[in-house]
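Asks: only geometry, no sequence info:
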């Protein structure tokens, strides 16, 4: 789960990480009130989960509440790389002496937390990493021992943090690691972490991702979950806990397990078709999960045919077939549906379809043939 | 630092470990008021840091506030194995179905926490350990991983905890381990941990020891520190941070480092004398530490001679000599003082004494000769 | 021979009395796996169709000599179950459970790698040595005894590829699902090493997918250390661009993590890579010729 | 030969610019120890009488090849210093600091024992191989080169016994203070093992004291594994009865932990034990005859 900047900053504050004081605003009026409450020059920041907000005009200075109102009016509703701005974060403007970069993340290869720090923060840290690797200090942490003061010191000296800011950055790193552990985050990224004119160290941005698997231990975080999409299918899938991503083709795809779904996308493409989505009904898909997944797929008008690719392991093909029938019964869809069932209870599943499915449901014996058939049917239907 | 039962129980409550509700009382009036506030039958418990309180008459039931007043009057001021009772803990009487034993301690050999649990709790758990070792379930915990639910389960099944109490004991063990870690304790011992008539699991006693080295991280615990001695020298030493234990002889002993002090006691005994105390002025003894230590020793009227045994390492013998002179100047003691200096700056130290010390200070070249001389001088002075 | 599971496997199942645990335990047993015990706290003394149930893994090990554990408990109890298995001295722990928090696994992994026990998973389908033993949830009739080893991050793709290979008359020595989570107990490299040491495995199929850099690292290991030929498959050419873990994620991997990137890296290291399961099977048959 | 410290020691001192750190560093250097670096955060670029100071141990190791670290920082920073030394790959860390919390050391110890680095202390006087190198706070003029190894839990007693032995004309190969805290990085057994493997150590003196059961365990190790004769000393026959760690403490050790109990245990295992430092020296001389 990715958090918005304002959510991340509110959590940072709980962990004692300094952030500019600020308020959320969903309307120009609220933005004006926030600017009044905060006082002085404020920054009006679009809350979207995508990089390059600044360049896109989503971040503006406002010298007084009226300017804040005006900027908020401009930014709210703006489209930034496909994301509509529905919410703003109004915060006190910072007097920046220098911009640093700090992050705590999860190194999949090392299987350990990785803390990174650079004195060359700000816009393009990936370019820094590539062109000036020595300017980005990196340190893995033994998760059983934790982040020790000597780790922070090494990072600070090797990132070349300016002397007056060292103590503040040391503290910020320590608290960022505490937040990483405490929130069970997969990412805490602060870019920029600024050294202010009055020698404080403040997190000017906040990128926080939380491990979905751990949310049951953090009911307060679960409550932060907000739908970040305007897409109807994505929202439906999100609400129903189905792993779904929309793509721009017309062959709807569903499978059990991320691997077979990805592979299904690939074979549809190889067969000359365009997948409409990625949809993993889950490793242990039962009738209900299948029905839910189908509802999501069938609600998308641009889908012309469906490929359902199931290799039963823990999933039982007969249950999948039952779920399919239930959903069709309820939704009454007429578009062509190509089903391929293999593995656990595959024969029973195929029998159920043969006996009871409507005519628009066809069974194919292999993944390749199913993909071909679904592509052909989509083309016919267009 | 060893805590009193009432302090331990108050900490247990913070960690969610169930204890009977109770109050502290320092007078019979307070005991009566506590009994009134608690209501019903209460137990009046002497707060002393020594076993066998019950047998010594330090624990009594009181059916009403007047009985509580009467029992408190009897117990306050009582001497239990050399400990005077100055404080009582008044708690609600528990209806005991069965007594268990639970502890989390520090196994010096394994260098790990050790959790122990037995269904045969109550009085003599050491006898249980010896005669029915299988009745005392023991489990070491990897301190980097911590106490896991499966540890608690294994202990409960193997200690033979009664089924209706299992959940409560599991919870108590988990919280006791949390307290062990949170308080940086060296011991959490609950004997008995009771299974009550209404199927709760409650800590009926609390023995908690805290690592002195860790107290700087626990100012709240440091504040609990109470002098538990009536002995003047022990209290002086305690207040001044000197490691001192009173013994019953007449040769006062001081050294730098626990090892050499213990060895000094031994050689004094071998020389036919009786050590009056154990006093370690510390590994890095400086002039001030030595002066402080001497003040403690000289305040004890039963000391007839002193043996000061210093082998300088990090300690400098010249500083020890200076400290000795300063203290003697201030205190004007006339009893015979035998000094033995070796190691770092020993010659300089001996020179200082030879030049400036009063006549009652003599220098001996070896530990054995110093011990002999101190014993002789103590005998002459008696 | 085969790796991980075979006739010497003595299996204890943690969570044996749960619905799925019981179902798959009995299927594993029916296949011939020597299932010696089950564990469900509080149910010691009961049995599951003759399989004795114990309160703790340690009790099960002491009573039956179990050397392999399969974990079927729900995610919020599974980390504890893994520690219990490790503490009981189990040589190979196979965690089927999906949904264990990553921070838990980070600690489990660090602990694990300091000893010499093995963990497969979590979020894995288990391992099968066809004709000998299966531990996990794989549909057994897809597999036939043979001399091709298979390693996969994805359960369903494993079945798919095994079936495609089987359809060409080629059987498997052992099929291993290492699990799809970001942190799993055994990597491609760990298992490749075992196959390389197995005289009865003539070829290994490595089934990867987008994300991380496990496949690239495995490729380097293969080029440097393996005589046994390896055929690769990568799923996800058409996958939506994965969510970046901030800039930090991109910086760490240094690689794109895309299917094409992985395929190119493997091929540059001499590993042939198929573009779909059917083609993978054809390359396997061709290589074995 | 000798153990732990010698001509190959390249010493980095953590806390080199503190009062005691500087004093003892310069004394160690004056004795001939190869002191290559010091560490004090924020003071990189400075030097302590020619010894270069670095910000971190890792920097010091990279610049100087230091293989041994001595820790002189106050207790509340010392745990971090130990981890820093271990993380920097230092082979032998010697922690002089007294007063490190036991829970910290419990974690340090568990971490340490999973690798092959060594830690001496904390709360120890260090080690000296007379004529070669000294690392720590021992008064060097008490020691002379020779063939007797000494291991002790107590600093001052170590000096005392070394001097008594020296007074009889017998020198030492290496003198090792393992530290007096409940949890120290190296046990009697760890060091006995090293002495047993050292061809230039003819006899070992083990200086114990009341409390714990290290001496009893060492006695068992000696009886089972050592050809080199060992002479024991136990301090504390007249010591006040140690504070019991509740009943739990008594149950764990199973032994009384008293000096007499330890002496009896060692003698029953064939280790001669002196009753005072002078007698220990006499037994050493007698044994070497």
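Replies: Thanks, I have the structure now. Keep in mind the model is a prediction, meaning the values are calculated, not measured. Residues are numbered from 1 along each chain as shown, chains lettered A, B, ... in the order given.

Asks: what sits against residue A:142?
Replies: A:112, C:110, D:111 (C-beta atoms under 8 Å, 6 or more residues apart in numbering or on different chains). C-beta here means a position set from N, CA and C on the backbone, and glycine is covered the same way.

Asks: Within range of chain D, give me the residues from chain C.
Replies: residue C:114 (C-beta under 8 Å from any C-beta of the partner chain).

Asks: if you set the cut-off to 10 Å instead, what comes out?
Replies: C:110-111, C:113-115 (C-beta under 10 Å from any C-beta of the partner chain).

Asks: same deal with the stretch 101-250 of chain A?
Replies: Going by C-beta under 10 Å from any C-beta, the residues of the stretch 101-250 of chain A near chain D are A:139-142, A:144-146, A:148-158, A:163, A:166, A:170.

Asks: Repeat that for the stretch 251-382 of chain A.
Replies: Checking the stretch 251-382 of chain A against chain D by C-beta under 10 Å from any C-beta, there are no hits.

Asks: Can you name the residue of the stretch 251-382 of chain A nearest chain C?
Replies: Here the residue of the stretch 251-382 of chain A nearest chain C is residue A:259; by C-beta to the nearest C-beta that distance is 2.2 Å.

Asks: how far away is that residue from residue A:368?
Replies: Applying C-beta to C-beta, to the nearest Å, one obtains 16 Å for the distance of residue A:259 from residue A:368.

Asks: cool, and residue A:319?
Replies: Distance from residue A:319 to residue A:368, by C-beta to C-beta: 25 Å.

Asks: With neighbour numbers in mind, choose between those two.
Replies: Neighbours were counted for residue A:319 and for residue A:368 using other C-beta atoms under 10 Å in any protein chain shown; residue A:319 has more, 23 against 18.

Asks: what residues are up against that one?
Replies: A:284-290, A:310, A:312, A:344-345, A:348-349, A:352 (C-beta atoms under 10 Å, 6 or more residues apart in numbering or on different chains).

Asks: And for residue C:138?
Replies: So residue C:138 contacts A:313-314, A:343-344, C:24, C:27-28, C:31, C:125-128, C:130, C:155, C:158-159, C:162, C:175, C:177 (C-beta under 10 Å, 6+ apart).

Asks: Next, it: secondary structure please.
Replies: The three-state assignment at residue C:138 reads coil, by DSSP: H, G, I helix; E, B strand; the rest coil.

Asks: Look at it and report its pLDDT.
Replies: What the model reports as pLDDT for residue C:138 is 92.

Asks: quick one: it from residue B:179, how far?
Replies: Residue C:138 is 46 Å from residue B:179, by C-beta to C-beta.

Asks: What residue spans form the domains of chain A?
Replies: For chain A, automatic domain parsing gives the domain ranges A:21-92, A:96-222, A:232-381.

Asks: Quick one: those as TSV, columns for mean pLDDT too.
Replies: TSV is the format used below for the domains of chain A (pLDDT from 0 to 100):
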stretch	mean pLDDT
domain A:21-92	94
domain A:96-222	94
domain A:232-381	90
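
Asks: The stretch 51-200 of chain C: helices as residue ranges?
Replies: When assigned using DSSP state H, counting those that start in this stretch, the helices of the stretch 51-200 of chain C occupy the ranges C:57-64, C:75-87, C:102-112, C:155-167, C:188-196.

Asks: check contacts around residue C:164.
Replies: A:366-368, C:142, C:170, C:205, C:233, C:274, C:276-282, C:284-285.

Asks: Check residue A:254 too.
Replies: By C-beta under 10 Å, 6+ apart, the residues touching residue A:254 are A:242, A:244, A:261, A:264, A:277-281, A:285, A:290, A:293-294, A:296-297, A:306-310, A:320, A:324, A:337, A:339.

Asks: give me the subset of the residues you listed touching chain C.
Replies: A:261, A:264, A:277-278, A:280, A:309-310.

Asks: And for residue C:11, the neighbour number?
Replies: Residue C:11 - counted by other C-beta under 10 Å - has 28 other residues nearby.

Asks: burial count for residue A:330?
Replies: 12.

Asks: Now it: which helix or strand?
Replies: Using DSSP states H and E, the element containing residue A:330 is helix A:317-331.

Asks: Beyond that helix, next helix or strand please.
Replies: Next element after helix A:317-331 (DSSP H and E): strand A:337-343.

Asks: contacting residues around the closest residue to residue A:272 other than its chain neighbours?
Replies: Take residue A:272 and drop its neighbours on the chain: the residue closest to it by C-beta to C-beta, 6 or more residues apart in numbering or on different chains is residue A:375, 5.7 Å away. By C-beta under 10 Å, 6+ apart, the contact list for residue A:375 reads A:249-251, A:267-275, A:304-305, A:307, A:338.

Asks: Sort out which one of those lies nearest residue A:210 for me.
Replies: Taking C-beta to C-beta as the measure, residue A:210 lies nearest residue A:275 of these, at 28.7 Å.

Asks: Relative to chain D, how far out is that closest one?
Replies: 47 Å (C-beta to the nearest C-beta, to the nearest Å).

Asks: Residue A:306 touches residue A:290, doesn't it?
Replies: No - using C-beta atoms under 10 Å, residue A:306 makes no contact with residue A:290, being 11.8 Å away.

Asks: tell me, what's touching those two both at once?
Replies: A:254, A:324.

Asks: Indicate the residue of chain C located nearest to chain A.
Replies: Closest point on chain C to chain A, by C-beta to the nearest C-beta, is residue C:154, at 2.2 Å.

Asks: How many residues are close by that residue?
Replies: Per other C-beta under 10 Å, the neighbour tally for residue C:154 reads 30.

Asks: mind checking pLDDT for it?
Replies: pLDDT, read off for residue C:154, is 87.

Asks: Now do the contacts for residue 259.
Replies: Picked chain A for this. A:280, A:283, A:311, C:152-161, C:177, C:180, C:207-209, C:233, C:235-236.

Asks: Wait, chain C was what I had in mind.
Replies: Taking C-beta under 10 Å, 6+ apart as the contact definition, residue C:259 lies against A:262, A:266, C:208-211, C:215, C:233-239, C:273, C:275.

Asks: what does residue C:1 give?
Replies: C:129, C:132, C:147, C:173-174, C:197-201.

Asks: next one: residue A:41
Replies: Per C-beta under 10 Å, 6+ apart, neighbours of residue A:41: A:35, A:61-64, A:67-68, A:92-95.

Asks: Now with 8 Å, please.
Replies: Taking C-beta under 8 Å, 6+ apart, one finds A:61-64, A:92-93 in contact with residue A:41.

Asks: do you know how far it is from chain D?
Replies: Counting by C-beta to the nearest C-beta, the gap from residue A:41 to chain D is 35 Å.

Asks: For that residue, what are phi and psi?
Replies: With angles defined as degrees, to the nearest 10, residue A:41 sits at phi -70, psi 140.

Asks: Buried members of the contacts of residue A:375 into PyMOL, please.
Replies: To isolate the buried ones among the contacts of residue A:375 in PyMOL, judged by 16 or more other C-beta atoms under 10 Å in any protein chain shown, type:
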select buried, chain A and resi 249+250+251+267+268+269+270+271+273+274+275+304+305+307+338
